[in-house]
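what follows is a predicted structure for the sequence shown.
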Amino acid sequence: MFVCLQIIESEDDRSKSEQLFDRYAGLMYCIASKYLSNEQDREDAVQTAFEAIIRNISKLSVIDSPQTYSYIVNTIESKSIDVLRRLHKIEKQTIEMNSNYPGVQAEVEIDDELATALTRLPSHYREILLLRYDCGYTTKALSSMLGITRSNVQKQIWRAKEALSKLLGER
């Protein structure tokens, strides 16, 4: 981590990177452990994720925001899967989600068909649905939080509902 910080030229970006590390390192390691059983592999995934985050540090305006949280979670999930794929040469589709999958959390009964279907949704669909309907954010707030237009938020919610509908229809 500290080697990565040395290549950052801006003092503000270096400070932001340190804050990100302090705030999210534990979460990232926990998420990596969901995919990787070997400690060195988890550390590799976290290191690779931080390198990717540091390359895009200027895009993160607020350290402690849902947008930053989602970006961190998606990045570490992606890097963990990359390490897993490299180690086991498996395809991304073989990794199935479970109820302990990180992201926006909601209190649901796991025996519920809807909860089961939600855990099977791709993370970006699940998170936008939970932010909208469980956390109660408006499309305007989501637009601001995620840095996308309101129509894009509405389209993503619609697509997430369609995917959820298809999953519920498979039962």
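Yep, it's here.

verify the contact between residue 131 and residue 65 for me.
No - Residue 131 lies out of contact with residue 65 (C-beta atoms under 8 Å); the separation is 11.8 Å. C-beta here means a position set from N, CA and C on the backbone, and glycine is covered the same way.

joint contacts of these two?
Common neighbours of residue 131 and residue 65 (criterion: C-beta atoms under 8 Å, 6 or more residues apart in numbering): residue 145.

neighbour count: the two, which is higher?
More crowded of residue 131 and residue 65, by other C-beta atoms under 10 Å: residue 131, with 22 against 13.

quick check: that one vs residue 160, distance?
Separation of residue 131 from residue 160 (C-beta to C-beta, to the nearest Å) stands at 10 Å.

also residue 18?
Distance of residue 18 to residue 160, given as C-beta to C-beta: 35 Å.

more neighbours, the two?
Set residue 18 next to residue 160 and count neighbours by other C-beta under 10 Å: residue 160 wins out with 22 against 14.

what's near enough to touch the residue nearest to the more buried one when sequence neighbours are not counted?
Setting aside the residues directly before and after it, residue 160 is nearest to residue 125 in space (C-beta to C-beta, 6 or more residues apart in numbering), at 3.7 Å. Counting by C-beta under 8 Å, 6+ apart, residue 125 touches 156, 159, 160, 163, 164.

one more time with 7 Å, if that's ok
159, 160, 163 (C-beta atoms under 7 Å, 6 or more residues apart in numbering).

C-terminal to the lowest-mean-pLDDT helix or strand in the chain, what's the next element?
None of the helices or strands of the chain scores lower by mean pLDDT, DSSP states H and E than helix 2-6, at a mean of 51. Per DSSP states H and E, the first helix or strand lying C-terminal to helix 2-6 is helix 11-35.

picking up where we left off before, distance to residue 48 and secondary structure for the contacts of residue 125 - can I get that in CSV?
Output for the contacts of residue 125, formatted as CSV (distance: C-beta to C-beta, whole Å; DSSP: H, G, I helix; E, B strand; the rest coil):
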residue, distance to residue 48, secondary structure
159, 29, helix
160, 28, helix
163, 29, helix
